[in-house]
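>>> next input, structure requested:
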Amino acid sequence: MRKEVSEMYNPMDIVNAMRFAKNPQAVLEQYARTNQNVREVMDMVNQCGDPKTAFYKMASAKGVDPEAILSMIRK
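Okay, the predicted model is just below:
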């Protein structure tokens with residue numbers, strides 16, 4: 001299956017765009033309009049109220065141990 005161009009954003013591209021933007025929220029909204037994964041994360045954060053809860057809930061929903069992900073990042 002071929003991925004659409006809008007689905008192939010590098011997460012660091014989003015971070016860098018937000019870092020240098022005058023309006024980071026607008027940048028994030030723009031990515032969310034064209035990338036379903038970004039939209040899904042934003043919706044989850046809005047539902048959960050904070051990014052940490054959203055991360056744990058989303059990881060668990062996808063069958064991934066959130067602590068395993070965090071331990072990989074911390075290394």
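
>>> check which residues of stretch 16-27 are buried.
Within stretch 16-27, the residues that qualify as buried are residue 27, counting by 16 or more other C-beta atoms under 10 Å. Heads up, the C-betas are built off the backbone N, CA and C, glycines and all.

>>> give me the contact list for it.
14, 28, 31 (C-beta atoms under 8 Å, 6 or more residues apart in numbering).

>>> how distant is it from the center of its chain?
Averaging C-alpha positions (C-alpha atoms, centre = their mean, to the nearest Å) puts stretch 16-27 15 Å from its chain's average.

>>> for that stretch, output the C-alpha coordinates as CSV.
Output in CSV follows, covering the C-alpha atoms of stretch 16-27 (Å, rounded to 0.1, in the frame of the first residue of the first chain):
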residue,chain,number,x,y,z
ASN,A,16,11.0,22.2,14.1
ALA,A,17,8.2,24.0,12.4
MET,A,18,6.5,24.7,15.7
ARG,A,19,9.8,25.8,17.3
PHE,A,20,10.3,28.6,14.8
ALA,A,21,6.7,29.6,14.2
LYS,A,22,5.1,32.7,15.5
ASN,A,23,1.9,30.7,16.1
PRO,A,24,2.8,27.1,17.0
GLN,A,25,-0.9,26.1,17.5
ALA,A,26,-1.6,27.2,13.9
VAL,A,27,1.3,25.0,12.6
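
>>> drop anything exposed from the contacts of stretch 16-27.
14, 28, 31.

>>> pick the one among those closest to residue 53.
residue 28 (18.4 Å; C-beta to C-beta).

>>> do I have it right that the closest one meets residue 14?
Yes. The pair residue 28 and residue 14 passes the contact test of C-beta atoms under 8 Å, sitting 7.3 Å apart.

>>> which residues are common contacts for the two?
By C-beta under 8 Å, 6+ apart, the residues touching both residue 28 and residue 14 are residue 38.

>>> chain center to stretch 24-33, what's the gap?
11 Å.
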